[in-house]
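> 3D, please:
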Amino acid sequence: MNQSRPNAQMFGKLVFVAVAMFAFGYALVPMYKMICEMTGVNILALGEQAVPGERATLASNTQVDLSRTVTVEFDANTAGPWHFKPEHRSVEVHPGELTTVMYEFQNTQNRRMSAQAFPSYAPQQASAHFNKLECFCFSQYTLGPGEKKSWPVVFVIDSKLSKDVKTITLSYTFFEVGGQTPPAPVATNALPKVGT
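Model prediction:
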């Protein structure tokens with residue numbers, strides 16, 4: 001019995017299915033675009049419909065409260081012999097606005113050291129509304145002797161912050177972690193002799 005004819009038929013069917021699948025996948029993009037335009041679902045296509053030569057109007061971020069500003073002051077403290085300071089002492093931001101501030105750190109010691117920053121807020125009620133998206137305080141860092149680094153704090157102040165709060169102070173204290181701890185004093189078991 002000759003197997004070449006059924007094999008050729010099967011091959012032809014597989015080629016047809018592959019071509020049909022490719023054509024269907026290729027047609028999905030214009031079909032999707034047409035359906036979205038008809039139903040008004042695809043808001044992203046609105047920019048493509050702009051009149052040539054006119055600049056498309058971008059939607060503004062409605063989460064930013066432009067009606068008020070909050071002054072954020074930055075404080076840097078160290079618990080050890082190194083330099084640590086913010087790039088700016090203060091910034092004015094709108095609640096809901098994404099803001100980045102850099103902090104500079106330098107190990108002034110002649111040895112490697114690891115440290116971590118711990119934040120505090122004033123007034124205390126502001127801490128619930130101060131959302132840090134990226135912060136060097138999330139991790140410990142190790143720096144070599146004399147090494148200098150800059151690290152960001154990316155934050156958003158929640159628009160639910162009380163309107164009475166006009167100024168927030170973000171204070172960091174940098175502590176050495178995993179440093180060399182002096183050994184505990186050795187206790188002696190010898191008791192003083194009482195008169196002989």
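> count of neighbours near the closest residue to Ala122 other than its chain neighbours?
The spatially closest residue to Ala122, leaving aside those adjacent along the chain, is Thr169, at 4.3 Å (C-beta to C-beta, 6 or more residues apart in numbering). Yep, even glycine has a C-beta here, placed from its N, CA and C like the rest. Thr169 is flanked by 15 other residues according to other C-beta atoms under 10 Å.
> wait, Thr169 touches Ser127, no?
No. Using C-beta atoms under 8 Å, Thr169 is not in contact with Ser127, being 11.0 Å away.
> any common contacting residues for the two?
Tyr121 (C-beta atoms under 8 Å, 6 or more residues apart in numbering).
> show me what contacts the residue nearest the centre of the chain?
Nearest to the geometric centre of the chain sits Glu134, at 3.3 Å (C-alpha atoms, centre = their mean). Contact analysis of Glu134 by C-beta under 8 Å, 6+ apart lists 152-154.
> so what strands line up beside the helix or strand it falls within?
Using DSSP states H and E, the element containing Glu134 is strand 130-135. According to DSSP bridges, strand 130-135 forms sheet pairs with strand 148-157 (antiparallel).
> ok, residues contacting the partner strand?
70, 72, 87, 93, 95-107, 126, 129-137, 141, 143, 168, 170.
> just the buried residues of it, please?
Going by neighbour count (16 or more other C-beta atoms under 10 Å), the buried part of strand 148-157 is 151, 153, 155-157.
> can I get those in JSON lines with pLDDT and distance to Asn77?
Output for those, formatted as JSON lines (pLDDT from 0 to 100; distance: C-beta to C-beta, whole Å):
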{"residue": "Trp151", "pLDDT": "87", "distance to Asn77": "16"}
{"residue": "Val153", "pLDDT": "90", "distance to Asn77": "15"}
{"residue": "Phe155", "pLDDT": "91", "distance to Asn77": "19"}
{"residue": "Val156", "pLDDT": "91", "distance to Asn77": "24"}
{"residue": "Ile157", "pLDDT": "90", "distance to Asn77": "22"}
